[in-house]
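Trainee: pasting a predicted model and its sequence here:
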Amino acid sequence: MREEVEKVIEQIRPNLQADGGDIELVDIEDGVVKVKLKGACNGCPMSQITLSRGVEQVLKKNVPGVKRVESV
């Protein structure tokens, strides 16, 4: 599962980098993907929306077994 998640994150990353941010995969535990938002995404008021409506939806759609995404 980790390899699949990393591939999807690589596809998402350019969109975040275009706004001065980035994302790093920290861990996957029982279907919960833990990521660290970096750069402009770290502390951005919209980061939770980016995480839930962007990253989480794409991961759930493309990687079976992903239950949710959390920022750590």
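Mentor: Right, received. Where do you want to start?

Trainee: in the chain, which spans are helices?
Mentor: 2-18, 47-49, 57-62 (DSSP state H).

Trainee: and for residue 33, the neighbour number?
Mentor: For residue 33, the count of nearby residues is 25 (other Cβ atoms under 10 Å). All C-beta atoms are positioned from the backbone trio N, CA, C, and that covers glycine.

Trainee: what pLDDT is listed against it?
Mentor: Looking at residue 33, its pLDDT is 97.

Trainee: ok, the nearest residue to it once chain neighbours are set aside to residue 23 distance?
Mentor: The shortest distance from residue 33 to any non-neighbouring residue, by Cβ to Cβ, 6 or more residues apart in numbering, is to residue 69 (4.7 Å). Noted for residue 69: a distance of 10 Å to residue 23, by Cβ to Cβ, to the nearest Å.

Trainee: overlap in contacts, the two.
Mentor: 35, 55 (Cβ atoms under 8 Å, 6 or more residues apart in numbering).

Trainee: which one's more surrounded, those two?
Mentor: residue 23 (24 against 21).

Trainee: that one reaches residue 34, doesn't it?
Mentor: No - counting by Cβ atoms under 8 Å, residue 23 stays clear of residue 34, with 11.1 Å between them.

Trainee: rewinding a little: and of the helices of the chain, who's closest to residue 28?
Mentor: Proximity to residue 28 (Cβ to Cβ) singles out helix 2-18 among the helices of the chain, at 5.6 Å.

Trainee: and that closest one, what other elements does it pack with?
Mentor: If contacts are counted by 3 or more Cβ pairs under 8 Å, 6 or more residues apart in numbering; DSSP states H and E, helix 2-18 sits against strand 21-29, strand 32-39, helix 57-62.

Trainee: many thanks, have a good one.
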